[in-house]
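Peer 1: Pasted the sequence and its predicted model underneath.
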Amino acid sequence: MANVIATIKIMPTSPEVNLEELEVKVKQKIVEFAGEGDTKTEIEPIAFGLKALKIIFIMDESLGSPDKLSDEVQTYKGVNSAEITDVRRAVG
C-alpha cells in the first residue's frame, strides 16, 4: 500500500492553552496511531490571539481513516476541536 500525507488541525479552547505542550501530546498519539515518521508543525493565526495547531504527518494507507486519531485528540484538555483537514497520497 501507499503512504498518505494527512493534516490534523487542532483548535484550542482559548489563547492561553500552551500549544507546545499540546503538540508533544498529539505527536505521541500520532506515533501510537501511525508509527514513527516525518511530521511538520504549523501555527495558524485565527483571530484575537487564538492560534490553531496544524500537524502534517505520514501514515500507511492500510491503517484506514485518520478520523479515529482526531476523535481521540478532541478529548484532550484544552482542545476545542480536532479535525483531519487534508489527506492525500504521497507521490515518489
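Peer 2: Yes, it's here.
Peer 1: which helices and strands does whatever helix or strand Lys25 lives in pack with?
Peer 2: Counting by DSSP states H and E, the element that carries Lys25 is helix 19-34. Here helix 19-34 touches strand 3-12, strand 39-47, strand 50-60, helix 67-73, going by 3 or more C-beta pairs under 8 Å, 6 or more residues apart in numbering; DSSP states H and E. For every residue, glycine as well, the C-beta is placed using N, CA and C.
Peer 1: Format these as a markdown table; extra columns: mean pLDDT and mean neighbour count.
Peer 2: Formatted as a markdown table, the helices and strands packed on helix 19-34 follow (pLDDT from 0 to 100; neighbours: other C-beta atoms under 10 Å):
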| stretch | mean pLDDT | mean neighbour count |
| --- | --- | --- |
| strand 3-12 | 96 | 19 |
| strand 39-47 | 96 | 11 |
| strand 50-60 | 96 | 18 |
| helix 67-73 | 95 | 17 |
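Peer 1: burial count for Arg89?
Peer 2: Applying other C-beta atoms under 10 Å, we find 10 residues neighbouring Arg89.
Peer 1: so it bridges to which residues?
Peer 2: Val4 (DSSP bridges).
Peer 1: List the contacts of it.
Peer 2: Ala2, Asn3, Val4, Ile5, Glu61 (C-beta atoms under 8 Å, 6 or more residues apart in numbering).
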